[in-house]
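Quick one: sequence and predicted model below, then my questions.
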Amino acid sequence: MYTIGQVSEMFGLPVSTLRYYDKEGLFPNMRRESGIRKFDDKEIEALRVIECLKKSGLEIKDIKLFMQWCAQGSDTYSQRKDLFIRQKEAVKAEIERLNQVLDMLIFKCWYYDEAIKAGSEEHLAGMTPENMPDEVKEAFK
C-alpha cells in the first residue's frame, strides 16, 4: 500500500491531481484507512494507464469512460481496444508533426551556423540540398 504522497513522488504528479482523479471516480475501489487514501498495485497500474492516455491527448471524461468499461469486464474489450487504436493513431500523427518541426529546427540551426561562419546569408540563398550535409539534406526535404 502506498500513501498519496508516495504515489505523487513516484509519478511526479501533484497530490491535488491524484485527489482530482479520485474525485472523478478513476479509482473506484480505492481503500481508505481513517479517511486516508491507500493506493495498492491495482491503483498504481490504473494510474499508469491514466497517465498514458492523458499524455496521448485523451480528456479526463474519456479516461473515466475507459475506466468504466474496465469495470464492466470482458464485454468491453473491443471498445477498449478501439480507444487504444484511435489514440495510437493520434500519437503517430503528433509524432509526424513534431518530426517536421524538428527537421525545420535542424535545418535552421545548420543554416545559421553557416551564416555565422560566412558573416552573411548571401552564399546560402542559392544553395541546393546536394551541397548540404546528409542530416541537413534529409531535414530540408
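Sure, I can see it.

tell me which element the closest residue to residue 123 other than its chain neighbours falls in.
Leaving aside its sequence neighbours, residue 123 sits nearest to residue 114 (CB to CB, 6 or more residues apart in numbering; 7.7 Å). Every residue, glycine included, has its C-beta placed from N, CA and C. Assessed by DSSP states H and E, residue 114 sits inside helix 77-118.

Could you point out the helix or strand that follows that helix?
As assigned by DSSP H and E, the chain's next helix or strand after helix 77-118 is helix 134-140.

Next, the buried residues of that following helix.
If you call a residue buried by 16 or more other CB atoms under 10 Å, then helix 134-140 has these buried ones: 136, 139, 140.

Give me the lowest-pLDDT entry from these.
On pLDDT alone, residue 140 ranks lowest of those, at 76.

Surely that residue and residue 130 touch.
No: using CB atoms under 8 Å, residue 140 makes no contact with residue 130, being 10.6 Å away.

How confident was the prediction at residue 122?
Looking at residue 122, its pLDDT is 84.
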